[in-house]
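J.: my questions are about this predicted structure, shown below with the sequence.
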Amino acid sequence: MAKPPLSMKPTGWFQVAWSDEIGVGDVHTMKYFDQEMIAWRAESGQLTVMNAYCEHLGAHLGFGGTVVGEVLQCPFHGWQWSREGRNVCIPYEDRPNRGRRIKTYPVTECNQSVYIWHDMDGRAPFFDAPNVFGSFEGDSNVDAYYPQQRLFRQGLELHPQYVLENGVDFAHFKYVHETPIVPVFTRHDFTEPVSFVDFTITFEGDDGQKIEDVDSGVEAINGGLGIAVTKSWGMVDNRTISAITPVDEFTSDVRFMVYIGRPTGRAAEGDPARAETKARAFGEEVIRQFTQDVHIWAHQRYSDPPALASSEQQGFTAIRAWAMQFYPDGGGGSAAELAAAHERRSS
Ligand code: FES
Ligand SMILES: [Fe+2]
């Protein structure tokens with residue numbers, strides 16, 4: 001694989017697990033951003049994500065560590081660590097070691113997912129993770145949808161930015177997803193760390209139709225590089241979440257989730273079992289379409305500067321300038337400065 005010339009340690013919210021993988025008292029091990037990490041759920045239900053190694057003599061807390069009420073106990077010598085990563089008990093001493101601390105990550109649970117805030121400089125979160133049922137205007141009710149369907153692909157050689165660039169890449173829909181006609185973007189808003197992309201798209205009909213006559217589309221919200229949520233309109237009601245998390249310098253884990261809307265009105269009077277089977281099949285189809293993208297991303301090489309068609313110039317320039325704010329070496333500047341810097345690099 002060509003190592004992407006983009007940092008694999010970007011800033012933002014990234015999915016590290018699903019909430020239902022970590023019950024009360026569970027200690028879950030994982031590796032992201034080149035770090036061994038653990039997630040553990042205290043008796044109160046609170047979830048902590050921290051680096052995996054005990055600050056005492058370096059035992060891996062994911063191998064035999066136990067949750068005791070609201071703290072985590074190391075399997076090696078019984079030292080106990082709080083949700084803030086502080087040592088709160090050395091069982092054979094009068095007082096804990098107040099100086100040592102295990103690195104913990106800001107964590108939030110949303111979209112049935114566990115997200116951590118990753119930032120090389122230790123800055124606090126400066127945007128919220130998008131909520132697939134809360135961030136869009138209007139309705140927002142998980143009960144109106146069938147259960148979440150999932151895809152999990154580990155250790156793929158791809159960078160999170162590839163996935164986001166789909167949001168400005170109108171031309172790929174026809175070739176990768178076999179849409180009858182090329183979609184058209186109606187909104188590109190890259191002014192904030194949370195960006196918005198809307199487009200008109202159809203999967204029905206033939207190539208004789210005009211995009212102006214199409215009455216369906218997708219709204220997407222990108223919460224940094226790690227999480228994107230979408231909502232459809234004018235077609236089978238679906239919501240999706242894609243979450244890409246770097247594992248090391250070369251690979252990322254890919255998670256994709258879809259919710260299909262339950263029937264409403266007259267349609268709700270039909271056979272519920274049949275409706276659910278149909279919905280599941282549609283969800284599988286949405287996942288299949290996402291895997292068509294994954295197949296491209298997992299083998300692509302980041303092209304910089306890319307050979308863009310003139311109609312692609314604006315969207316790609318905007319999203320690449322926006323993306324730079326999340327890189328440890330690219331950030332800090334205004335969107336305009338970032339765009340100018342990008343221009344210079346591309347010329
Ligand atoms: S290594 Fe964890 S208590 Fe000793
Ligand atoms: Fe795509």
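T.: The structure has been received and is ready for your questions. Ligands and ions are numbered 1, 2, ... in the order given.
J.: going forward, measure contacts between C-alpha atoms and count neighbours the same way
T.: Will do.
J.: average pLDDT for stretch 255-274, rounded please.
T.: Averaging pLDDT along stretch 255-274 yields 92.
J.: gap between it and the chain center?
T.: Its chain's C-alpha centre and that of stretch 255-274 lie 25 Å apart, by Cα atoms, centre = their mean, to the nearest Å.
J.: and the helices in the stretch 101-250 of the chain, which stretches?
T.: Remark: helices assigned in the stretch 101-250 of the chain by DSSP state H, counting those that start in this stretch are 160-165, 172-176.
J.: just checking, what packs against the first one?
T.: Right, the one you point to is helix 160-165. strand 238-246, helix 310-323 (3 or more Cα pairs under 8 Å, 6 or more residues apart in numbering; DSSP states H and E).
J.: is it possible to get JSON lines of these that adds mean neighbour count and distance to residue 168?
T.: Formatted as JSON lines, the helices and strands packed on helix 160-165 follow (neighbours: other Cα atoms under 10 Å; distance: least, Cα to Cα, whole Å):
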{"stretch": "strand 238-246", "mean neighbour count": "25", "distance to residue 168": "16"}
{"stretch": "helix 310-323", "mean neighbour count": "17", "distance to residue 168": "5"}
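J.: please identify which of those is closest to ligand 1.
T.: The closest of the helices and strands packed on helix 160-165 to ligand 1 is strand 238-246. By Cα to the nearest ligand atom, the value is 27.5 Å.
J.: could the helices and strands packed on helix 160-165 go into TSV alongside mean pLDDT and distance to residue 22?
T.: Formatted as TSV, the helices and strands packed on helix 160-165 follow (pLDDT from 0 to 100; distance: least, Cα to Cα, whole Å):
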stretch	mean pLDDT	distance to residue 22
strand 238-246	97	18
helix 310-323	94	31
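J.: columns distance to residue 200 on top of the ones you listed, output as TSV?
T.: Shown next, in TSV, are the helices and strands packed on helix 160-165 (distance: least, Cα to Cα, whole Å):
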stretch	distance to residue 200
strand 238-246	15
helix 310-323	15
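J.: now render the ones you listed as a markdown table, adding distance to ligand 1.
T.: As requested, these are exported to a markdown table (distance: least, Cα to the nearest ligand atom, whole Å):
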| stretch | distance to ligand 1 |
| --- | --- |
| strand 238-246 | 27 |
| helix 310-323 | 39 |
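J.: compare the ones you listed and give me the one nearest residue 195.
T.: With distances scored as Cα to Cα, the stretch of the helices and strands packed on helix 160-165 nearest to residue 195 is helix 310-323 (8.6 Å).
J.: for the stretch 101-250 of the chain, what spans make up the strands?
T.: Remark: strands assigned in the stretch 101-250 of the chain by DSSP state E, counting those that start in this stretch are 104-105, 107-110, 113-118, 149-156, 184-189, 194-200, 217-223, 227-233, 238-246.
J.: pick the most deeply packed of those.
T.: Most buried of the strands of the stretch 101-250 of the chain, by mean neighbour count (mean count of other Cα atoms under 10 Å): strand 238-246, with a mean of 25.
J.: what about this structure, any weak spots by pLDDT?
T.: Low-confidence segments of the chain (pLDDT under 70): 1-4, 139, 330-347.
J.: how is it divided into domains?
T.: For the chain, automatic domain parsing gives the domain ranges 12-118, 142-323.
J.: how close does the residue of the chain most remote from its centre get to residue 86?
T.: Within the chain, the residue lying farthest from the chain centre (Cα atoms, centre = their mean) is residue 94, at 44.0 Å. Distance of residue 94 to residue 86, given as Cα to Cα, to the nearest Å: 16 Å.
J.: can you pull the residues of the stretch 51-200 of the chain lying near ligand 1?
T.: For the stretch 51-200 of the chain, the residues in contact with ligand 1 (Cα under 6 Å from any ligand atom) are 54, 56, 57, 58, 59, 74, 76, 77, 78, 79.
J.: 8 Å - rerun?
T.: Taking Cα under 8 Å from any ligand atom as the test, the list of the stretch 51-200 of the chain residues beside ligand 1 reads 53-61, 73-80, 90.
J.: out of the domains of the chain, nearest to residue 127?
T.: Residue 127 sits nearest to domain 142-323 of all the domains of the chain, at 6.7 Å, using Cα to Cα.
J.: thank you kindly, that will do.
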